[in-house]
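S.K.: sharing a model prediction with you, sequence too.
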Amino acid sequence: MKVLVTGGCGYVGSNIVAALGAHGYTIGILDNLATSSHAVVADLQAKVDAQLAFFETDVTDREALKDAVKVFSPEVVIHCAGLKSIADSWHNPLAYFNVNVAGTINLLEAMEQAGCSRLIFSSSATVYGDPEFLPITEDHPLVPINPYGRSKLMAEAVMHDWQRAADGRGVAALRYFNPVGAHHDYLLGDNPKTPANNLFPIICQVLAGQKDSLSILGDDYPTPDGTGERDYIHVTDLSEAHIRAIAKTATPAFLVLNIGTGKPSSVKQVIAQFERHSNVPITTRIEAKRPGDVATSFASNERSLDMLGDYVGKTIEDAVASSLQAAGLKQQS
Ligand code: UFG
């Protein structure tokens with residue numbers, strides 16, 4: 001079966017490509033290389049044991065996108081291409097709506113033209129906004145509090161209307177909590193070309209000596225140790241969830257699934273894990289909270305476990321160990 005992954009050179013996309021390869025799919029990657037390079041494509045082609053076609057295409061380039069989708073002619077598309085920095089989305093909201101919403105419309109048009117009716121979408125827990133209750137279920141109110149979150153929610157709405165507009169269309173919107181870690185063999189980690197915003201890559205930068213210290217962004221949250229709590233899902237488990245969701249898109253429906261572990265970890269707990277695995281103390285500084293950050297966010301993954309089976313096979317220790325390995329950092333033996 002042919003599967004096209006948009007954004008297939010990015011952190012999550014490349015891990016999904018690796019999982020598709022292991023499951024014997026014929027893979028197309030469509031990526032504009034904004035956060036990667038031809039070297040990443042060559043690396044993936046060398047590592048992934050599968051037929052792999054590459055299209056250097058931007059989802060905002062309507063005609064080029066149509067051509068690429070038509071040439072590859074996938075049965076299923078996994079749509080990961082998009083902009084994903086909350087902070088950046090406040091400065092460049094139009095870019096977020098253009099890439100994440102208009103890019104999605106372009107993709108659906110291209111799929112229609114190529115006769116493809118099955119889609120899996122990289123959505124985000126950010127569509128929920130401030131949690132009104134925990135764990136967050138898929139029925140939680142959808143009140144995103146930044147342009148990035150609004151763009152993801154709008155893209156979901158576009159896909160939902162597209163799905164019900166014709167018979168036979170199947171869409172699964174997977175709402176990721178916090179993807180972390182790296183592929184165990186291929187070491188596909190979160191090493192952004194642009195400045196890192198997320199906790200795991202920033203900790204790796206501190207351990208690599210690229211940053212003097214880690215800023216703990218708030219230590220007086222109403223949590224057991226005062227620091228923010230998140231649901232960190234190993235990227236390999238996240239990829240596995242996509243593989244399992246492929247079969248679900250054969251049934252005409254718009255499926256919304258949280259992808260998370262269902263368990264929160266605090267910033268201090270994550271730091272302690274990195275210190276234990278690297279045996280290097282991490283210098284920290286307490287700083288002001290990041291605007292828009294919530295105290296605690298974690299998934300109810302009941303629906304996704306029910307639909308997909310148990311895809312949560314790895315722990316936060318596994319995620320920390322693989323992140324260190326992918327960043328080329330030594331681990332405590
Ligand atoms: N944090 C720090 N110091 C840092 C960076 C982060 O203390 O230098 C803290 C944050 O305050 C938060 C936790 O680490 O408590 C995790 O922060 P991340 O930036 O890694 O992740 P977020 O939960 O803020 O956001 C992530 C993705 C978003 C996505 C969201 C979904 O980056 O794209 O999860 O819940 F929308």
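M.R.: Great, that's in hand. Computed from a prediction, not measured in an experiment: that's the story for all the values here.
S.K.: following whichever strand or helix holds Ser304, which helix or strand comes up?
M.R.: Assigned by DSSP states H and E, Ser304 belongs to helix 302-308. Using DSSP H and E, the helix or strand that follows helix 302-308 towards the C-terminus is helix 316-326.
S.K.: ok, now which ones touch the residue of the stretch 1-150 of the chain found nearest the ligand?
M.R.: For the stretch 1-150 of the chain and the ligand, the shortest gap (C-beta to the nearest ligand atom) falls at Thr126, measuring 3.1 Å. Every residue, glycine included, has its C-beta placed from N, CA and C. Applying C-beta atoms under 8 Å, 6 or more residues apart in numbering, we find Thr126 in contact with 86, 144, 146, 148-149, 152.
S.K.: and the pLDDT at Lys330?
M.R.: Looking at Lys330, its pLDDT stands at 75.
S.K.: just checking, it touches His277?
M.R.: No. Look at Lys330 against His277 with C-beta atoms under 8 Å: they stay out of range, at 9.6 Å.
S.K.: pLDDT at Ser333, what is it?
M.R.: pLDDT recorded at Ser333 is 66.
S.K.: what is the rounded mean pLDDT of stretch 86-104?
M.R.: Stretch 86-104 carries an average pLDDT of 96.
S.K.: now do stretch 315-322
M.R.: 96.
S.K.: so, in contact with the ligand or not, it?
M.R.: No. Stretch 315-322 lies out of reach of the ligand by C-beta under 6 Å from any ligand atom, never closer than 12.0 Å.
S.K.: give me the contacts around that stretch.
M.R.: Contact with stretch 315-322 is made by 180-184, 187, 189, 200, 232, 234-236, 265, 269-270, 273-274, 277, 331, as judged by C-beta under 8 Å, 6+ apart.
S.K.: returning to that earlier point: so which of the contacts of Thr126 is the most crowded?
M.R.: Highest neighbour count within the contacts of Thr126, by other C-beta atoms under 10 Å: Lys152, with 29 neighbours.
S.K.: what residues sit buried inside the helix or strand hosting that one?
M.R.: Lys152 is part of helix 147-164 when elements are defined by DSSP H and E. In terms of neighbour count (16 or more other C-beta atoms under 10 Å), helix 147-164 has its buried residues at 147-156, 158-159, 162-163.
S.K.: then stretch 249-266?
M.R.: 249, 254-266.
S.K.: give the burial count for whichever residue of the chain sits closest to the ligand, as a bare number.
M.R.: Among the residues of the chain, Gly228 lies closest to the ligand, at 2.4 Å counting by C-beta to the nearest ligand atom. Gly228 has 25 neighbouring residues, counting by other C-beta under 10 Å.
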